[in-house]
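*Asks:* Build the 3D model from these lines:
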Amino acid sequence: WAPTVFAIVAFKKRSVTLDGAIAGWVVAFICALAGSEFLLTLLFFFVSSTLLTKMGAKHKSKIDSEYKVGGQRNLVQVFSNSFAGNIACLVYIMSGDKTTQAVAA
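*Replies:* Numbers count the residues shown, from 1 in each chain. Below you'll find the model as predicted:
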């Protein structure tokens, strides 16, 4: 249920587009399969980056003429930003070797 809540809240807060919410659900689902520590890490990353984006919006608009207000992440941005973490989760899930699982974590 956590990936679904995660995606719905992110979409309702306008932090992601619809396709970004769907991509976020996939990312969160993979993290949830790997374990709560992976899901909590993803949650921390998402919340902190969203807050920093909102806090820096005024400054960004002054230095970047093409900056658009809103900061919504789309499918490409979600998958791009979560690629390394998802690979670590998948390695952790697919590996029965405790050493590999420790490295992935």
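
*Asks:* how about the strands of the chain, start to end?
*Replies:* Using DSSP state E, no strands are found in the chain.

*Asks:* Any stretches of it with poor pLDDT?
*Replies:* By pLDDT under 70, the low-scoring segments of the chain are 57-58, 61, 64-71, 96-105.

*Asks:* most centrally placed residue in it?
*Replies:* Phe46 (5.0 Å; Cα atoms, centre = their mean).

*Asks:* what separates that residue from Lys62, distance-wise?
*Replies:* Going from Phe46 to Lys62 by Cβ to Cβ, to the nearest Å gives 26 Å. From N, CA and C alone the C-beta is placed, and that goes for glycine too.

*Asks:* What of Phe6?
*Replies:* 32 Å.

*Asks:* Please apply the same query to Ala21.
*Replies:* 30 Å.

*Asks:* quick one, which of these two is more surrounded?
*Replies:* Taking neighbours as other Cβ atoms under 10 Å, Ala21 and Lys62 compare with Ala21 leading, 23 against 8.
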